[in-house]
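# 3D model of this:
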Amino acid sequence: LVTSEASYYKSLSLLVSHFMENERLKKILHPSEAHILFSNVLDVMAVSERFLLELERRMEENIVISDVCDIVYHYAANHFSVYITYVSNQTYQERTYKQLLQEKAAFRELIAQLELDPKCRGLPLSSFLILPFQRITRLKLLVQNILKRVEERSERECTALDAHKELEMVVKACNEGVRKMSRTEQMISIQKKMEFKIKSVPIISHSRWLLKQGELQQMSGPKTSRTLRTKKLFREIYLFLFNDLLVICRQIPGDKYQVFDSAPRGLLRVEELEDQGQTLANVFILRLLENADDREATYMLKATSQSEMKRWMTSLAPNRRTKFVSFTSRLLDCPQVQCVHPYVAQQPDELTLELADILNILEKTEDGWIFGERLHDQERGWVPS
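Numbering: from 1, shown residues only. Predicted coordinates:
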């Protein structure tokens, strides 16, 4: 732990002295670009320096180190918030770095020249920028290794457990910071693509994020005039479903979306149509109890498959009763499955699973999908069966 902190601090110093404080680079970069690229790396380096000094002081006390986890705990609890700031900036940092390499030839040439210096040991600038991301996770693993070696029920075990718990909280806060920044980026991108036929709805909010988006077929014309001979029975509509809002659009040229209705997510109700034959297969009814015009509205929507229909219904009205269980019940009767293959979520409404995770099954489709609740943290989502 001590030697790796020394090596890490040395690499951070190189990032600052060789790249960040290079006079030619300062002239090439606008201050805002430099701020996004290097973020609060000076704060991170200052914390690493103090942390390393305390660890070395402990080493000097005795050649056999008594413990270091008390120092790790103190720094994780009181000083490692600088890592959360740095890691949260990841989305902007990566994008700015790519843009600068593509758009500023002077930046690209100077960085290539600086990277050739023997001090960099053949490593690119990106390897140095990512160091703080890796360090917190590495510290957690090092403390885990210490935990394996300390005596059970000893004071050193208690300190190591405390340090590990505190580091886990820092890692969690870092991940949450990255997620919030990515969500904000996504919301800005979506807002730019929307044109409103109705009264404009502000999309960007720190407490709002995208749950699901995609195309569905809307049954056209009033119910009375609906026949299979109608020229076009269904027309495409595009849905953006956020955690608190549904926005209904039509896709228009130029990768834009024309918004013609919206409703708070809490005022949505869904209902599955009984088997109506091939034309009305995978069709469900979506009711907006209060839409953009403060009226009730009903849409008859068709999905491409049974699983897509079920996934939309679950996302649009998460508190409805499902095949196996009422969402308000205590899940006593629903079947369970254990994960035999890890799965990484591909969509926002899916669940990432590790080997041996146990799921309560809330809903199943005939085309091979399960909607489940992970036992250890009650997270819900869809997974392939």
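
# only C-alpha atoms from now on, for both contacts and neighbour counts.
OK.

# any idea how far Glu366 is from Ser307?
Distance, Glu366 to Ser307, by C-alpha to C-alpha, to the nearest Å: 8 Å.

# who's more crowded, these two?
When neighbours are counted by other C-alpha atoms under 10 Å, Glu366 and Ser307 differ, and Ser307 comes out ahead with 21 against 9.

# quick one: classify the more buried one as helix, strand or coil.
Here Ser307 is recorded as helix under DSSP: H, G, I helix; E, B strand; the rest coil.

# what's the closest non-adjacent residue to the most centrally placed residue in the chain?
Closest to where the C-alpha atoms of the chain average out (C-alpha atoms, centre = their mean) is Arg179, at 3.9 Å. Once flanking residues are discounted, Arg179 sits nearest to Ser88: 7.9 Å by C-alpha to C-alpha, 6 or more residues apart in numbering.

# OK, contacts around that neighbour?
174-181 (C-alpha atoms under 8 Å, 6 or more residues apart in numbering).

# helix/strand/coil for Arg135?
The three-state label given to Arg135 by three-state DSSP is helix.

# report pLDDT for it.
At Arg135, the predicted lDDT confidence score is 96.

# I'd say Asp255 and Lys192 touch.
No. Look at Asp255 against Lys192 with C-alpha atoms under 8 Å: they stay out of range, at 10.2 Å.

# quick one: which of these two has more around it?
Shown here are Asp255 and Lys192; by other C-alpha under 10 Å, Lys192 has more neighbours (11 against 8).

# can you pull up the bridge partners for the residue lying closest to Val270 once chain neighbours are set aside?
Among residues not flanking Val270 along the chain, Leu286 sits closest, at 4.7 Å (C-alpha to C-alpha, 6+ apart). Residues in a beta bridge with Leu286, per DSSP bridges, are Val270, Tyr299.

# so how far is Ser305 from Leu286?
Relative to Ser305, and taking C-alpha to C-alpha, Leu286 is found at 17 Å.

# check Val171 too.
39 Å.

# and those two? Which one has more around it.
Each of Val171 and Ser305 has its neighbours counted (other C-alpha under 10 Å); Val171 has more, 20 against 15.

# helix or strand for that one, which one?
Using DSSP states H and E, Val171 maps to helix 155-193.

# restricted to buried residues, select the contacts of Ser88 in PyMOL.
In PyMOL syntax, the buried subset of those is picked out as below (16 or more other C-alpha atoms under 10 Å):
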select buried, resi 174+177+178+179+180+181
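
# show me which of the contacts of Ser88 is closest to Gln346.
If you rank the contacts of Ser88 by distance to Gln346 using C-alpha to C-alpha, Arg179 comes first, at 15.3 Å.

# Lys302 contacts Glu272, correct?
No. Under the criterion of C-alpha under 8 Å, Lys302 makes no contact with Glu272, lying 10.5 Å away.

# joint contacts of the two?
Common neighbours of Lys302 and Glu272 (C-alpha under 8 Å, 6+ apart) are 283-284.

# more neighbours: these two, which one.
A count of neighbours by other C-alpha under 10 Å puts Lys302 above the other of Lys302 and Glu272, at 24 against 15.

# and the residue nearest to the centre of the chain, how far is that from Leu210?
12 Å.

# any weak-confidence spans in this protein?
221-232, 275-279, 320-333 (pLDDT under 70).

# all strands of it, in order?
194-196, 210-219, 234-242, 245-252, 256-264, 268-272, 283-288, 297-302, 336-338, 358-364, 369-374, 380-384 (DSSP state E).

# just put those strands in TSV and tack on distance to Ala76.
Compiled in TSV, the strands of the chain are given as follows (distance: least, C-alpha to C-alpha, whole Å):
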stretch	distance to Ala76
strand 194-196	43
strand 210-219	32
strand 234-242	34
strand 245-252	38
strand 256-264	40
strand 268-272	44
strand 283-288	48
strand 297-302	51
strand 336-338	35
strand 358-364	32
strand 369-374	29
strand 380-384	31
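
# for Met20, which of those strands is the nearest?
Going by C-alpha to C-alpha, the one of these nearest Met20 is strand 210-219, 35.8 Å.

# contacts for that closest one next, please.
Contacts to strand 210-219, defined as C-alpha under 8 Å, 6+ apart, come from residues 183, 187, 233-243, 299-304, 315, 347-349.

# Throw together a ChimeraX command that grabs the buried residues out of these.
Selection command for ChimeraX covering only the buried members of these, criterion 16+ other C-alpha under 10 Å:
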select :183,187,234,237,238,239,240,241,242,243,300,301,302,303,315,349
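
# quickly list the domain ranges of this protein.
With automatic domain parsing as the criterion, the domains of the chain are listed as 2-193, 213-320, 322-385.

# export those to TSV and tack on distance to Ile203?
Shown next, in TSV, are those (distance: least, C-alpha to C-alpha, whole Å):
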stretch	distance to Ile203
domain 2-193	6
domain 213-320	9
domain 322-385	18
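
# tell me which of these approaches Val201 most closely.
Short answer: domain 213-320, nearest of these by C-alpha to C-alpha, at 8.4 Å.

# quick one: that closest one to chain centroid distance?
Its chain's C-alpha centre and that of domain 213-320 lie 26 Å apart, by C-alpha atoms, centre = their mean, to the nearest Å.

# with stretch 355-374 instead?
That offset, for stretch 355-374, works out to 21 Å (C-alpha atoms, centre = their mean).

# compute the first-to-last residue distance for it.
End to end - C-alpha to C-alpha - stretch 355-374 spans 12 Å.

# how about that stretch: buried residues?
Neighbour counts over stretch 355-374 (16+ other C-alpha under 10 Å) mark 357-365, 369-374 as buried.

# again, but for stretch 6-14
6, 8-9, 11-14.
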